[in-house]
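Colleague: Provided below for reference: sequence and predicted model.
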Amino acid sequence: MKKFDEYLVRFEKTAAKLLLIVMIVMVFSSGVARFLKNSMNWAVDFSSFLFAWACFFAMDIAWRENKMMSVDLFVKRLPAKVQRVIRIVMLLIILAFCVYMIIWGAQLTWTQRFRKFQGMPNFSYAWVTMAVPVGAALLARSTVQKIIKEFSNKVVKEAK
């Protein structure tokens, strides 16, 4: 399982970087083409597709590596046991939101399956909306791992 996690993180990091680079190249190329009076309308639509996926991959990476912004000025002043309870409650709320996003995103993807991009007639908008349930599933997996770690830390502390 640990090997799979390493592979998944490596994939997410690589995918997020590549998607961002391709998106930047597409937008820049579209701007240059427009300047030369040769419009590439599909490039902006394709960039929004890449952006949606890159955002969810990057969000999961930041969440896994504890690089998300947090405001803990008040919580840091509480006793360690209370801090732990607050962390667990917050993780459960985040997990519930991720589950909601998986369900809602799957429904949205299903309803958008016939919608097409304006500039790309053979490309379904469902590919963009699919980033929501997939990204939320990745975030839910990371959140479950954080919850398990919280409970396993208590077991380790009690054994000492």
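Modeller: Nice, I can see it.
Colleague: from here on, contacts and neighbour counts on C-alpha atoms
Modeller: Noted.
Colleague: wait, doesn't M23 sit right on S47?
Modeller: Yes: the criterion here is Cα atoms under 8 Å, and M23 meets it with S47 at 4.9 Å.
Colleague: is N38 within a helix or a strand, and which one?
Modeller: Using DSSP states H and E, N38 maps to neither a helix nor a strand.
Colleague: rewinding a little: so between M23 and S47, which is more surrounded?
Modeller: M23 (21 against 18; other Cα atoms under 10 Å).
Colleague: that one and I88: what is the separation?
Modeller: 37 Å (Cα to Cα, to the nearest Å).
Colleague: mind listing what's buried along the one helix or strand in the chain whose mean pLDDT sits lowest?
Modeller: Averaged element by element with mean pLDDT, DSSP states H and E, the chain has its least confident helix or strand at helix 131-159 (a mean of 85). Using 16 or more other Cα atoms under 10 Å as the test for burial, helix 131-159 gives 131-144, 146-147, 150.
Colleague: how much space between I94 and Y100?
Modeller: In terms of Cα to Cα, I94 sits 10 Å off from Y100.
Colleague: low-scoring stretches of the chain, by residue?
Modeller: 118-119, 154-160 (pLDDT under 70).
Colleague: could you say which helix or strand holds the spatially most central residue of the chain?
Modeller: Residue closest to the average C-alpha location in the chain (Cα atoms, centre = their mean): F56, at 2.2 Å. Element membership of F56, judged by DSSP H and E, is helix 41-64.
Colleague: how far off centre is the following helix or strand past that helix?
Modeller: Sequence-wise, the next helix or strand downstream of helix 41-64 (DSSP H and E) is helix 80-111. On the basis of Cα atoms, centre = their mean, to the nearest Å, helix 80-111 sits 13 Å off its chain's mean C-alpha point.
Colleague: helix 131-159 and helix 80-111, what's the angle between them?
Modeller: Angle, helix 80-111 to helix 131-159, by axes from the mean of the first three to the mean of the last three Cα atoms, to 10 degrees: 160 degrees.
Colleague: go through helix 80-111 and flag the buried ones.
Modeller: Buried, per 16+ other Cα under 10 Å, within helix 80-111: 83-84, 87-88, 91-92, 94-95, 98-99, 101-103, 105-106, 108-109.
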